[in-house]
Every structure is written in structure tokens, then in C-alpha cells.
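Engineer: pasting the structure only:
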């Protein structure tokens, strides 16, 4: 299994902090957002390498960072501005085609911090034998209206997925973490031609649930989505307090 990290965005909501520096490499505590994610994934035996898809503007910074992580490959998608970005789905397909990937893939966004391990997600994927998406219970309607929402049956098979719905079918929201099985890669490779949206990673999950079996895994903890300067400062405060608590 390979990890494909989608990290080609420009994080305009964090300007000027990210105007010339990639959001995934911002420091949180004594680590970075992306290092925290990959440190956890490195404990999962099934995963034997990571591909980080970034843009041309930040590719050099990522390559320098990756010098200390020999199992990471950096892929430059060739774009240099937010207006010319390929979008998450196109970046994922670029990684599949560039490296001729023919195995299961763990697809993750590079700007989230998790307080639980992704090991359970991979274990559930092995048990199910189907493509998987992560989900969490979201009680607030306004937040459901800004994200992907799924309807599931009693076995957690995904029946439908909505993108930013005005009338959500459930309280199951979908964060940007997915496992796609090898057998579903042909569907991904032809998804754009089939009419799939390409800007957000959730567009692909929305496309696939009508074409293959997908199960959902309720995440067992919390995630911190760093989307703007306020949430970045909050994350730094939270993890600084956590370090103090751990030392005391």
C-alpha cells in the first residue's frame, strides 16, 4: 500500500504566512503538520512508501524537507498559482499515472492533525475488502452544509454521498481520508472523463459510491483542520499545552 498525500494547494486563507511556504510544513509544537501525519502512518506495516503531490512553487521546499524521510517521493504537478491549480482529483490521478501505481492506496490531505492512529482505518479496510472513507458524527447543520455527508446502512456501507448539502441526509460528515483498493483504480483513472469533479478530494468519493462498494469507518477520535490563521494559532496553543501536560 502506498500513501498519496494531496499537498498541492496554496492555502490562500493563511496568507501571508503561506504565501511563500507550504501549509503542511508549518510547525505545530516540535513537529510539522505533515510530519505528525506520516510519523503515524509509518507505524502501519502495510504502507511501504509515501508520495507527496505538491505544486511547482513549493516543490523545492518539499524536496528539502524530504531529505530526512527516505520513504517519501515528491511529485511536482507543474502549477505555480492558485488560479492554475489542477485540483485534488487530478493530482491523485497524476500520481497514479506518473508512478504506474497498481496497489491499494491510502489518500490523505496534508493539513489535518489527528489525535488517533490511522492503523485502525487500514485494519478495517483489510477486514472489509472494499474501498473505505472516514466519517465522523457532526451535530451542527451549518458544518454539515460545508462538507461531504454520507448515508449508510446498518453495516456502514455508503448508500449515497452529498457535497455541501442544504438538506443533509445524515449527521455523518466525511473528512479527507480515504483508502481505495487496487481493483477500483481503473475507476479513478477514468473518473474525470466520467464527469467527476476535480477540485476537492471528496469529489472522487462522491463519484465512486455509485460505481463500487464503499464502506465508512467512524473515526475514533478528533481531528484538527487547519484552515486559517486563527485555527493555526489555536493548534499551536493546544499542542503547546499538551506538551506541558505530558511533562508534568
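Structural biologist: Perfect, I can see it now. Note that the structure is a prediction, hence the values are computed from the model and not measured. Numbering: from 1, shown residues only.
Engineer: give the rounded mean pLDDT of stretch 60-77.
Structural biologist: Computed over stretch 60-77, the mean pLDDT rounds to 96.
Engineer: cool, stretch 183-200 as well?
Structural biologist: Mean per-residue pLDDT for stretch 183-200: 94.
Engineer: end to end, how far does that stretch reach?
Structural biologist: 22 Å (C-alpha to C-alpha, to the nearest Å).
Engineer: ok, and the closest non-adjacent residue to residue 53?
Structural biologist: In space, and not counting its chain neighbours, residue 53 is closest to residue 91: 4.4 Å by C-beta to C-beta, 6 or more residues apart in numbering. C-betas here are computed from N, CA, C, even on glycine.
Engineer: what strand or helix carries that neighbour?
Structural biologist: helix 88-99 (DSSP states H and E).
Engineer: and the helix or strand that comes right after that helix, what other elements does it pack with?
Structural biologist: Beyond helix 88-99 in the direction of the C-terminus, DSSP H and E gives the next helix or strand as strand 105-109. If contacts are counted by 3 or more C-beta pairs under 8 Å, 6 or more residues apart in numbering; DSSP states H and E, strand 105-109 sits against strand 2-6, helix 33-41, helix 88-99, strand 177-180.
Engineer: which SSE is immediately downstream of the shortest one?
Structural biologist: In other words, strand 177-180. As assigned by DSSP H and E, the chain's next helix or strand after strand 177-180 is helix 185-189.
Engineer: and the contacts of that following helix?
Structural biologist: With contact meaning C-beta atoms under 8 Å, 6 or more residues apart in numbering, helix 185-189 is reached by 92, 93, 96, 97, 101, 102, 105, 180, 204, 208, 211, 212.
Engineer: what sits against the fifth one?
Structural biologist: Yep, that's residue 101 we're talking about. Residues in contact with residue 101 (C-beta under 8 Å, 6+ apart) are 2, 95, 185.
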